[in-house]
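Asks: sequence first, predicted coordinates after that:
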Amino acid sequence: MTRPGLAIYNSDMTIRNVSDAKEQLSALLVMVEQGDEVVIARAGRPIARLVPFERTNEPRKLGALRGQIWISPDFDKPDAELEKLFYEGPIEPVD
């Protein structure tokens with residue numbers, strides 16, 4: 001029986017607590033490269049999962065966001081107030 005709130009893991013999954021994961025990161029990454037899944041837990045509760053990175057070979061499509069986003073034509077126009085603060089403003093924030 002497990003404690004309430006704790007997950008029951010698949011038997012082929014590697015589980016490490018945070019401090020062990022810090023010490024064993026290189027070895028855990030090798031395991032992930034070999035196809036294993038690694039779960040990192042804090043106080044017995046899973047907080048992260050290391051899985052192999054899946055690279056896509058498909059090139060990005062130009063214009064995929066056409067009509068969904070908008071960029072102002074003057075987005076890169078200099079801002080006099082911002083430039084003045086950058087060159088003449090205080091180095092540290094003023095409270």
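Replies: On my side now, so go ahead.
Asks: now do the strands in the protein.
Replies: Per DSSP state E, the chain carries strands over the ranges 14-17, 38-42, 45-50.
Asks: export those strands to CSV and tack on mean neighbour count?
Replies: For the C-beta atoms, the positions are set from N, CA and C on the backbone; glycine is no exception. Formatted as CSV, the strands of the chain follow (neighbours: other C-beta atoms under 10 Å):
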stretch, mean neighbour count
strand 14-17, 16
strand 38-42, 17
strand 45-50, 13
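Asks: where exactly do the helices run in the protein?
Replies: Counting by DSSP state H, one finds helices in the chain at the ranges 18-23, 25-33, 80-88.
Asks: as PDB, could you dump the C-alpha coordinates of the shortest one?
Replies: Looking back up the chat, that one is helix 18-23. Output of helix 18-23 as PDB, limited to C-alpha atoms (Å, rounded to 0.1, in the frame of the first residue of the first chain):
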ATOM      1  CA  VAL A  18      16.100  15.500  -6.500                       C
ATOM      2  CA  SER A  19      19.500  15.200  -4.700                       C
ATOM      3  CA  ASP A  20      20.300  11.900  -6.400                       C
ATOM      4  CA  ALA A  21      19.300  13.200  -9.800                       C
ATOM      5  CA  LYS A  22      21.700  16.200  -9.300                       C
ATOM      6  CA  GLU A  23      24.600  13.800  -8.500                       C
END
